[in-house]
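Undergrad: Need a 3D model of the following:
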Amino acid sequence: MRRDSLFGAIRIASGAALFALCLALVARKLGLPSLSSVFSGLASLWSSGVLAHDIEVTTARWAIGWSGGAAVGIVLGLVTGRSRAVSLMLEGFLILLRAIPFIALLPLTLRIFGLTEVGKFFLVGWASASICWVVVHQSAREVSPILRWRAVTLGAPTYRWVSRVLLPACGAGIYTALRTSLALALLVVAVAEMGGVYQRSTGLWWSEGLGYRLFRSYDVARDDYLLGGIIVFALLGIALEQLFSSAWSLSAYLLFLMQQRRARRQTAALSTQLADASALNLPEPVPVILADLSAAYGSRAVVSGMSLKIDPGATLSIIGPSGCGKTTLLRAIGRLDGNELQIDGSVDVGGIGRSTPGVWMGVVFQDSPVFEYMTVWDNVMFGNSADETIAWRLLSDFGLTQLVAERARTLSGGQRQRLAVATALASRPQLLLLDEPFGALDAITRRQLQTFYRTHVRGRVTAVFVTHDVTEALLVGNVIAVGVGADRKLLAVDGAVSSSGEWEFSPRFSDLKREAFEELERLSTGSRDTQIANHHA
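TA: Reported below is the predicted structural model:
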């Protein structure tokens, strides 16, 4: 921290020195006032109260126009970035509007609003809204749909999804948009003020400004005021940017402190009242029946006619060659039909047909498994039906109680995956869908979580577990599905061996592993033959 402060002071000092040198050289070559004369002129303006008044007026115009325009741009960016329908209707129109330079609108604003302040606010707001819309729109589009699916399956209402997931996920883009539009807005204020007239007699406190002072200095032949106004504009811009950056950082820090305090307060009593976490009151597992389930991207069928039953509390492991449709099948089961995926067939969970995603299911993905900007406690309590008792007992079971007040993005890979599973279970789903949940982890952590899943998750909830690792499929699953097409094969796993170590080195495990590899080879060969035939056809 001390070194950063030192480097910052050096940068400021060197920048000021170079600026003064450049100004002195320009003044000498062009016959402009010296630096001392410029500051003398600024001192006289300050002592008369004119400079303070101009700074006040310019800052007010900037603040009103920038805040209003930036707010409009951010809202539009979030809406068009997340809603395909709204984007189709508005994006082209907004692109055309953005292409109009703000300075080209100056005569039009004078024609419509005259010399009133509304025209200045409009110009500043126009420029601010344009740049904020572009940046936030792109940021919102890049937010993973996985985050939205997780929020839906946890039963979070829209306002909670927007305020606690979408906005933090777009935080870097919003910060960039606001900081960039801040500088542009100050430029627009200067241009707008130069288009005004002298109105001291009106007594309006915002009838002048730094831009007007620059324009007026030429008429009264005060080059010291001209150069001084430029310097003040630069200093004002730096001050506003630093103030904004500091306020943003402070707000984020205070928000995190509030989250930490809430997490500690809510869990303090639970840690003593529920010290025994052995009894976890989850709903009784239910059967899941897939009937003629199909999924396609346009005319390209990926999953066709999948029909099977998963017993209550059992885990169905799905393996298959790359690109065979394992993830697509998982999305079809969960009815996650975005990005042009078309789903047919029925999914019956506990005797109820499911056609849309909801709290009946929990999802755990390899990517974006947690809400990074929340604490561990806020993650596990995010679901609308999450219960404090169950949440605490899950965190205790999963070894995360000491981290309840930590931000989720600071966790290790294994801790993040355990938190993702705990969050899904906290809403008490009837079906758990896991897509390569341990695929990005190192070998040791992955093995620990495989054992963890077998000990703490399997049997508590009916689950579908997609993986490319045959050993993992045999360790976590009760039934193995090799492939997702009509030629798939089901392998029943002997669940009599409770210890994962004993099971992995048993003859039955070796036989099943060999059989699974033979089936994978058969499916891979068939897929290559089909591709060759289609190519020659």
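
Undergrad: how about low-confidence regions in the chain?
TA: 1-6, 8-9, 115, 195-207, 273-281, 338-339, 368, 494-501, 526-537 (pLDDT under 70).

Undergrad: try 50 this time
TA: 197-203, 205-206, 276-278, 496-497, 529-537 (pLDDT under 50).

Undergrad: Outline the domain layout of it.
TA: Domain assignment for the chain, taken from automatic domain parsing, gives 1-32, 35-262, 288-369+431-536.

Undergrad: Tabulate the ones you listed (TSV), appending distance to Asp397.
TA: From N, CA and C alone the C-beta is placed, and that goes for glycine too. Output for those, formatted as TSV (distance: least, Cβ to Cβ, whole Å):
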stretch	distance to Asp397
domain 1-32	39
domain 35-262	19
domain 288-369+431-536	5
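
Undergrad: tell me which element Leu282 is part of?
TA: Using DSSP states H and E, Leu282 sits within no helix or strand.

Undergrad: Using the three-state scheme, assign Ala16.
TA: helix (DSSP: H, G, I helix; E, B strand; the rest coil).

Undergrad: now it: how far from Cys132?
TA: Distance of Ala16 to Cys132, given as Cβ to Cβ, to the nearest Å: 31 Å.

Undergrad: Quick check on Leu220: phi, psi?
TA: Let me fix one detail, which is that residue 220 is Val and not Leu. Note on Val220: backbone dihedrals following degrees, to the nearest 10 are phi -100, psi 10.

Undergrad: got it, and Trp360?
TA: phi -70, psi -10.

Undergrad: So what's the residue count around it?
TA: Close neighbours of Trp360, defined as other Cβ atoms under 10 Å, add up to 20.

Undergrad: In contact with it, which residues?
TA: Applying Cβ atoms under 8 Å, 6 or more residues apart in numbering to Trp360 gives the contacts Val349, Gly350, Ile352, Arg354, Pro429, Gln430, Leu431.

Undergrad: any idea how far Arg262 is from it?
TA: 29 Å.

Undergrad: Which helix or which strand is home to Ile74?
TA: Using DSSP H and E, Ile74 falls within helix 50-82.

Undergrad: Over to Thr423?
TA: helix 413-426.

Undergrad: Which neighbours in the sheet does whatever helix or strand comes next after that helix have, and how are they oriented?
TA: Where DSSP H and E defines the elements, the next helix or strand beyond helix 413-426 is strand 431-435. Sheet pairing for strand 431-435, assigned by DSSP bridges, gives strand 361-365 (parallel), strand 462-466 (parallel).

Undergrad: all strands for the stretch 351-500 of the chain, in order.
TA: Ranges of strands in the stretch 351-500 of the chain, per DSSP state E, counting those that start in this stretch, are 352-353, 361-365, 431-435, 462-466, 479-482, 489-492.

Undergrad: I'd like those strands as TSV, with distance to Thr410 and mean neighbour count appended.
TA: Shown next, in TSV, are the strands of the stretch 351-500 of the chain (distance: least, Cβ to Cβ, whole Å; neighbours: other Cβ atoms under 10 Å):
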stretch	distance to Thr410	mean neighbour count
strand 352-353	39	10
strand 361-365	20	25
strand 431-435	23	24
strand 462-466	27	26
strand 479-482	36	24
strand 489-492	40	14
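
Undergrad: List the residues that contact the closest residue in space to Leu394 that isn't next to it in sequence.
TA: Leaving out its chain neighbours, the residue that sits closest to Leu394 by Cβ to Cβ, 6 or more residues apart in numbering is Ala422, at 4.3 Å. With contacts defined as Cβ under 8 Å, 6+ apart, Ala422 is in contact with Val380, Ala391, Leu394, Leu395, Asp397, Phe398, Leu400.

Undergrad: neighbours around the last one, how many?
TA: For Leu400, the count of nearby residues is 21 (other Cβ under 10 Å).

Undergrad: ok, it touching Gln415?
TA: Yes: at 6.6 Å, Leu400 counts as touching Gln415 under the criterion of Cβ atoms under 8 Å.

Undergrad: Give the helix, strand or coil label for Ile289.
TA: strand.

Undergrad: how about the nearest residue to it, chain neighbours excluded?
TA: Once flanking residues are discounted, Ile289 sits nearest to Asp348: 4.2 Å by Cβ to Cβ, 6+ apart.

Undergrad: part of a helix, is the one you found?
TA: No: read with three-state DSSP, Asp348 is strand and lies in no helix.

Undergrad: Ala43 and Asp378: what is the separation?
TA: For Ala43 relative to Asp378 (Cβ to Cβ), the value is 53 Å.

Undergrad: Quick check: longest helix in the chain by residues?
TA: Longest helix in the chain by number of residues (criterion: DSSP state H): helix 223-273.

Undergrad: Specify the angle between that helix and helix 50-82 in degrees.
TA: 50 degrees (axes from the mean of the first three to the mean of the last three Cα atoms, to 10 degrees).

Undergrad: before we move on, the earlier item: output the strands paired with strand 431-435 in CSV; the columns should cover distance to Gly119.
TA: Output for the strands paired with strand 431-435, formatted as CSV (distance: least, Cβ to Cβ, whole Å):
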stretch, distance to Gly119
strand 361-365, 50
strand 462-466, 59
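
Undergrad: could you measure the most centrally placed residue in the chain against Ser144, distance?
TA: Nearest to the geometric centre of the chain sits Ala169, at 2.0 Å (Cα atoms, centre = their mean). Distance of Ala169 to Ser144, given as Cβ to Cβ: 8 Å.

Undergrad: can you check Gly413 too?
TA: Taking Cβ to Cβ, one finds Gly413 at 17 Å from Ser144.

Undergrad: The two: which has the busier surroundings?
TA: Taking other Cβ under 10 Å, Gly413 and Ser144 do not tie; Gly413 has more neighbours (15 against 12).

Undergrad: just checking, the residue nearest to the centre of the chain touches Ile146?
TA: No: Ala169 is beyond contact range of Ile146, at 11.0 Å (criterion: Cβ under 8 Å).

Undergrad: any idea how far Glu436 lies from Phe93?
TA: Distance from Glu436 to Phe93, by Cβ to Cβ: 41 Å.

Undergrad: what about the helices in the stretch 51-200 of the chain?
TA: Using DSSP state H, counting those that start in this stretch, the helices of the stretch 51-200 of the chain run over residues 84-98, 106-113, 117-141, 145-153, 158-161, 167-169, 171-194.

Undergrad: Buried deepest among those helices, which one?
TA: helix 117-141 (a mean of 23; mean count of other Cβ atoms under 10 Å).

Undergrad: Would you mind pulling up the elements that that one packs against?
TA: helix 50-82, helix 84-98, helix 106-113, helix 171-194 (3 or more Cβ pairs under 8 Å, 6 or more residues apart in numbering; DSSP states H and E).

Undergrad: How far away from the center of its chain is the second one?
TA: Put plainly, it is helix 84-98. 22 Å (Cα atoms, centre = their mean, to the nearest Å).

Undergrad: That helix packs against which elements?
TA: Helix 84-98 packs on helix 50-82, helix 117-141, going by 3+ Cβ pairs under 8 Å, 6+ apart.

Undergrad: go on, the last one?
TA: Here helix 171-194 touches helix 50-82, helix 106-113, helix 117-141, helix 210-219, helix 223-273, going by 3+ Cβ pairs under 8 Å, 6+ apart.

Undergrad: what separates Thr401 from Arg264, distance-wise?
TA: In terms of Cβ to Cβ, Thr401 sits 12 Å off from Arg264.

Undergrad: Give me the more crowded residue out of the two.
TA: Taking neighbours as other Cβ under 10 Å, Thr401 and Arg264 compare with Thr401 leading, 19 against 14.

Undergrad: Any idea how many residues pack against the closest residue to that one other than its chain neighbours?
TA: Closest residue to Thr401 apart from its sequence neighbours, by Cβ to Cβ, 6+ apart: Leu395 at 5.0 Å. Other residues lying near Leu395 total 26 when counted by other Cβ under 10 Å.

Undergrad: quick one: Leu395 and Met381 touch, right?
TA: No: in terms of Cβ under 8 Å, Leu395 does not count as a neighbour of Met381; the distance is 10.1 Å.
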